[in-house]
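Q: coordinates only, no sequence provided:
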Ligand SMILES: C[S@@+](CC[C@H](N)C(=O)[O-])C[C@H]1O[C@@H](n2cnc3c(N)ncnc32)[C@H](O)[C@@H]1O
């Protein structure tokens, strides 16, 4: 009995929520210790996502932020989707940043984004909102220029295990709309072992409602 209970706790802590319900420091500690194997464990096929993000509004002078960049996957997705501007990656884990191939990187603990209001054209954040919480959406709105684009994943299974961090589709759209985002669209999905784990949303910053 004890063995089953401990196994469930370990699966919940390390696999399902990766320490997110304890504290941000615990999550970052886990990523600092797992950075060396992250790309080996997570083998992404981002073909559909890249196709979905090929917007014709990208321009060379634009600035993008990759929030919780990790080893740089989202920056690479954005570049392969046609983004030609500068990409700044932000992450709280020094070890993950040491494995990141991008050059413009900042170590910072989110949700606070260390850039000025209305200063970036695109924000991308893949597989990170569940660790940081909905406050990151308000921060994303603050730093995006009006008309700027948010690209973000919402984790869909086990939403009840991570309240305030994963949302039903209906609730997620409602939260984005309340902040002031417009044109909220489901762009793509991300699957692991055949299970839909994430929905990728895109939205545009409007004026405050
Ligand atoms: C699942 S990985 C995603 C990395 C990358 N976006 C990707 O899709 O491969 C989650 C990332 O979020 C970062 N992270 C988690 N909590 C954070 C926080 N509070 N502040 C900054 N980064 C955080 C971790 O260090 C890790 O790099």
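A: That came in fine, so what should we check first? The structure presented is a predicted model; accordingly, all values stated were derived computationally and were not measured.

Q: I figured residue 145 hits residue 204, correct?
A: No - counting by CB atoms under 8 Å, residue 145 stays clear of residue 204, with 10.4 Å between them. Where you see a C-beta, it was placed from the backbone N, CA and C, and this is true even at glycine.

Q: and residue 99, what are its phi and psi?
A: Comment: the main-chain dihedrals of residue 99 come out as phi -100, psi 0, following degrees, to the nearest 10.

Q: ok, it to the ligand distance?
A: Using CB to the nearest ligand atom, to the nearest Å, we find residue 99 at a distance of 9 Å from the ligand.

Q: and the longest helix along the chain, how far out from the chain middle?
A: Taking DSSP state H as the criterion, the chain has its longest helix at helix 24-41. With CA atoms, centre = their mean, to the nearest Å as the basis, the distance from the averaged C-alpha position of helix 24-41 to the chain average is 15 Å.

Q: now the element after that helix, going C-ward?
A: Per DSSP states H and E, helix 24-41 leads on to helix 47-52 as the next helix or strand towards the C-terminus.

Q: whether that following helix contacts the ligand - can you check?
A: No - using CB under 6 Å from any ligand atom, helix 47-52 stays clear of the ligand, with a minimum separation of 10.1 Å.

Q: same question, stretch 198-206
A: No - Stretch 198-206 stays clear of the ligand (CB under 6 Å from any ligand atom), getting no nearer than 9.3 Å.
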